[in-house]
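Asks: coordinates for the following, if possible.
(one chain, ligands or ions: 1)
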Amino acid sequence: MPSAALPPIEYRIRPAHPGAHLFEVSCTVRDPDPAGQVFRLPAWIPGSYMIREFARNIVSLRAEVDGQPWRVEKLDKHSWRAAPLRAGGTLSLHYEVYAWDLSVRAAHLDETHGFFNGTSVFLAVEGRTDRACLVDIERPEGAGYRDWKVATALPLARGVRGAARPYGFGVYRAADYDELIDHPVEMGTFTLGHFEAAGVTHDIVLTGRHDCDLGRLAEDLRRVCEWQIALFGAPPPMDYYAFLTMVVGDGYGGLEHRASTALLCSRADLPWKGMEGLPDGYKTFLGLCSHEYFHTWNVKRIKPAAFTPYDLTQENYTRLLWAFEGFTSYYDDLALVRSGVITPDDYLGLLGKTVSNVLKGNGRTKQSVAESSFDAWTKYYRQDENAPNAIVSYYAKGALVALALDLQLRAGSDGNKSLDDVMRLLWLRHGQTGQGVAETGLFEAVREVGGDTLGPKLARWLQKTVEGTDDLPLARLLKGFGIEYHAEPASKAPWLGVKLAAGNGEAKLANVFDGGPAQAAGLSAGDVLVALDGLKVGSKSLDDMLLRRRPGDAVKLHVFRRDELMSFSVVLAEAPADKVRLKPAIKAGAVASKLRRGWLDGAA
Ligand SMILES: [Zn+2]
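Replies: Okay, the predicted model is just below:
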């Protein structure tokens, strides 16, 4: 029997108690496994590589068969099994999910709005995850919710009773469980903006108070999206796209999905009417949107073989996140300049910051980006105070690997080949076929794009680079594109080798850097500095006090550790030159100028 003829799995979700942050969910199976149907909630959400055990937010659960109570037992932290059902019948699970995680990864519900990812609320029906799913999204009860609407890339369930209308409550449909959990849902009184890119409707959905200039944002995003679509080739692989954005006082985050993204942003980062220039915060927000949009191709469709299919019960290991997150991080800002939304000078400023971020931590000398990818679950996603000394970011260094690769492909082919060709090859071979990318797949793609002479050399370079810890030869490569690389200390003050925690004025050490004066003297993360040479010190005054000293000077620091006053003698050092500025060379040769134009001005 074709699976289309098998009964769909029916879900119902009701924001039952917004004040208590509870969704009521039911999952109905018309032909459950007679030996005892198993249900399971994912342990993680694709795109965010950490075991989160979403089932811990299920606060109560019961089963019914044809409306009568039925026995159900818990098998492990995220699985349940209904008692055997030899005689057949319709099995329903009813459960409540606590939703108070203000992030893009889980679920959130109060009297102002509701948001959920399917991974937090929809139990998978074991053995039936390839079934079509119908989801009835219900409006909360009460007069206060009459104006609520729904925003999601979940397709409307046409032709069934109670089918939702655009932006409405009612029944939606997914082809299978994998699709069901890849369309987050926002509900409330959000603001809506629209634009078309390559003929596809894109919605901007803003939840939370804001004074956003939606016209400006829509126009800028349209250009970025058009550029990305053109890079891979129109039409785009989705027929609708939504930027589901939660606006807060201070926040930042994004998670990619096949036809939408969930974003968290700071109110101040949105553009406003009358805004002059391009504030850094707005560039940050555009970069975030661009990043998640690029994932529509790179990781949602061009996927590591390790993710085809995802195993949602445990860690899925790949050494390739430098390609899926790092290359995406390279293209996020690059798409802004190539689409003309920011200037080449703006772009070089952003790139300089990425280079500086990588140079700041000694972790880059201990961990390769391939290792960082593999260990994302326990290291990158679970950073502690020692992270800068132990971990390299596969995002930031992965972006620099992409940059170095792109520059070498361009320089080695007189501007005829670039990383764009690698991305298009991956799209053709993997994105369009659903064939996962093998762990060596990137090296092979680079070999093929580079051709007979350049290809093997660059493929070897790439493998050595992502498996090693050497710094990238960016100063040399950028010079060939007429760009100067300047590295200098981030501050004129002598170096203590610490980073302070953000906070209330107290000088609390967040990180103590490897090889720095503070570490040598015995200071630790968590210590609260209270005095420097006998004078009170706080987070605001520390740098000013250090500015009056010189490298080689000894200072006495008093700190509280475990509420005990301790004193340390620290010999200040020369600050490392880890702040990088990139700027166009005043005089660049014709070859370099042409390469630079091809890189930063070229249309896809
Ligand atoms: Zn990403």
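
Asks: going forward, measure contacts between C-alpha atoms and count neighbours the same way
Replies: OK.

Asks: any idea how far the helix or strand containing residue 353 is from the chain center?
Replies: Using DSSP states H and E, residue 353 maps to helix 344-360. Helix 344-360 sits 19 Å away from the centroid of its parent chain (Cα atoms, centre = their mean, to the nearest Å).

Asks: what residues sit buried inside it?
Replies: If you call a residue buried by 16 or more other Cα atoms under 10 Å, then helix 344-360 has these buried ones: 344, 346-348, 350-360.

Asks: do stretch 134-141 as well
Replies: For stretch 134-141, the neighbour count (16+ other Cα under 10 Å) marks 134-140 as buried.

Asks: which secondary structure elements does the helix or strand hosting residue 410 contact?
Replies: Residue 410 belongs to helix 396-412 when assigned by DSSP H and E. Using 3 or more Cα pairs under 8 Å, 6 or more residues apart in numbering; DSSP states H and E, the elements in contact with helix 396-412 are helix 327-338, helix 344-360, helix 419-426, helix 441-467, helix 474-479, helix 590-600.

Asks: for residue 575, which of those is the nearest?
Replies: Ranking the helices and strands packed on helix 396-412 by proximity to residue 575 (Cα to Cα) places helix 344-360 first, at 11.2 Å.

Asks: for the closest one, give me every contacting residue.
Replies: If you take Cα atoms under 8 Å, 6 or more residues apart in numbering as the criterion, helix 344-360 is touched by 333-334, 336-337, 364, 388, 392-393, 396-397, 400, 578-584, 600-601.

Asks: now stretch 111-118
Replies: Outside stretch 111-118, the residues touching it (Cα under 8 Å, 6+ apart) are 15, 18-19, 105-109, 180-189, 207.

Asks: mind exporting stretch 27-40 as CSV, just the C-alpha atoms?
Replies: The C-alpha coordinates for stretch 27-40 follow below in CSV (Å, rounded to 0.1, in the frame of the first residue of the first chain):
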residue,chain,number,x,y,z
CYS,A,27,-1.0,13.0,19.1
THR,A,28,-3.4,10.6,17.5
VAL,A,29,-2.5,7.4,15.6
ARG,A,30,-5.3,5.6,13.9
ASP,A,31,-3.4,2.4,13.3
PRO,A,32,-0.9,2.1,16.2
ASP,A,33,1.6,-0.7,16.5
PRO,A,34,-0.4,-3.5,18.0
ALA,A,35,2.6,-4.7,20.0
GLY,A,36,2.8,-1.4,21.9
GLN,A,37,3.2,1.9,20.1
VAL,A,38,6.4,3.8,21.0
PHE,A,39,6.5,7.7,21.0
ARG,A,40,9.6,9.7,21.4
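
Asks: what mean pLDDT does it get?
Replies: Averaged over stretch 27-40, pLDDT sits at 97.

Asks: over to stretch 5-16?
Replies: For stretch 5-16, the per-residue pLDDT averages 96.

Asks: got the buried residues for that stretch?
Replies: In stretch 5-16, counting by 16+ other Cα under 10 Å, buried: 8-16.

Asks: could you do stretch 564-583 as well?
Replies: 567-576, 578-583.

Asks: check stretch 511-525 too.
Replies: Neighbour-count burial for stretch 511-525 [16+ other Cα under 10 Å]: 511-514, 516-519, 523-525.

Asks: can you name the residues in contact with stretch 546-560?
Replies: Contacts to stretch 546-560, defined as Cα under 8 Å, 6+ apart, come from residues 492-495, 527-534, 565-574.

Asks: would you list every one of the helices in the stretch 251-400 of the chain?
Replies: Using DSSP state H, counting those that start in this stretch, the helices assigned to the stretch 251-400 of the chain run over residues 280-294, 321, 327-338, 344-360, 369-374, 387-390, 396-412.

Asks: turn those into JSON lines, including distance to residue 309.
Replies: Below are these laid out as JSON lines (distance: least, Cα to Cα, whole Å):
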{"stretch": "helix 280-294", "distance to residue 309": "21"}
{"stretch": "helix 321", "distance to residue 309": "16"}
{"stretch": "helix 327-338", "distance to residue 309": "21"}
{"stretch": "helix 344-360", "distance to residue 309": "32"}
{"stretch": "helix 369-374", "distance to residue 309": "17"}
{"stretch": "helix 387-390", "distance to residue 309": "31"}
{"stretch": "helix 396-412", "distance to residue 309": "24"}
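
Asks: so which of those gets nearest residue 426?
Replies: helix 327-338 (12.3 Å).

Asks: ok and that closest one relative to helix 344-360, angle-wise?
Replies: 160 degrees (axes from the mean of the first three to the mean of the last three Cα atoms, to 10 degrees).

Asks: which of the three states applies to residue 491?
Replies: When classified by DSSP: H, G, I helix; E, B strand; the rest coil, residue 491 comes out as coil.

Asks: contact partners for it?
Replies: Applying Cα under 8 Å, 6+ apart, the residues contacting residue 491 are residue 575.

Asks: now do the same for it: its pLDDT.
Replies: For residue 491, pLDDT reads 92.

Asks: measure it to residue 546 for me?
Replies: From residue 491 across to residue 546, the span is 10 Å (Cα to Cα, to the nearest Å).

Asks: same thing with residue 142?
Replies: Separation of residue 142 from residue 546 (Cα to Cα) stands at 60 Å.

Asks: for those two, indicate the residue with more neighbours.
Replies: residue 546 (19 against 7; other Cα atoms under 10 Å).

Asks: ok, and for the helix or strand hosting that one, which residues are buried?
Replies: Following DSSP H and E, one finds residue 546 within helix 542-547. Under the neighbour-count criterion of 16+ other Cα under 10 Å, helix 542-547 has 542-543, 546 buried.

Asks: stretch 122-134 too?
Replies: For stretch 122-134, by 16+ other Cα under 10 Å, it's 122-125, 128-134.

Asks: returning to what we had before: need the buried residues of stretch 5-16 in JSON lines (columns: secondary structure).
Replies: JSON lines is the format used below for the buried residues of stretch 5-16 (three-state DSSP):
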{"residue": "8", "secondary structure": "coil"}
{"residue": "9", "secondary structure": "strand"}
{"residue": "10", "secondary structure": "strand"}
{"residue": "11", "secondary structure": "strand"}
{"residue": "12", "secondary structure": "strand"}
{"residue": "13", "secondary structure": "strand"}
{"residue": "14", "secondary structure": "strand"}
{"residue": "15", "secondary structure": "strand"}
{"residue": "16", "secondary structure": "strand"}
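
Asks: quick one: the residues you listed as CSV, columns for distance to residue 227 too.
Replies: Listed next are the buried residues of stretch 5-16 as CSV, based on distance: Cα to Cα, whole Å:
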residue, distance to residue 227
8, 38
9, 38
10, 39
11, 38
12, 39
13, 37
14, 39
15, 39
16, 42
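
Asks: can you pick out the most distant pair from the residues you listed?
Replies: Pairwise over the buried residues of stretch 5-16, using Cα to Cα, the maximum falls at 8 and 16, 24.2 Å.

Asks: in this structure residue 540 contacts residue 505, no?
Replies: Yes. The pair residue 540 / residue 505 is scored as a contact, 6.4 Å apart, by Cα atoms under 8 Å.

Asks: name the nearest residue to residue 282, ignoring sequence neighbours.
Replies: The shortest distance from residue 282 to any non-neighbouring residue, by Cα to Cα, 6 or more residues apart in numbering, is to residue 269 (4.7 Å).

Asks: ok, that neighbour - how many residues close by?
Replies: By the other Cα under 10 Å criterion, the neighbourhood of residue 269 contains 21 residues.

Asks: same deal with residue 377?
Replies: Count around residue 377 with other Cα under 10 Å applied: 17.

Asks: now it: closest residue in space, sequence neighbours ignored.
Replies: Sequence neighbours aside, residue 50 is the residue nearest to residue 377 in space, at 4.7 Å (criterion: Cα to Cα, 6+ apart).

Asks: what do you get for residue 216?
Replies: Spatial nearest neighbour of residue 216, excluding adjacent residues (Cα to Cα, 6+ apart): residue 271 at 7.2 Å.

Asks: wait, what's in contact with that neighbour?
Replies: With Cα under 8 Å, 6+ apart, residue 271 has these contacts: 212-214, 216-217, 282.
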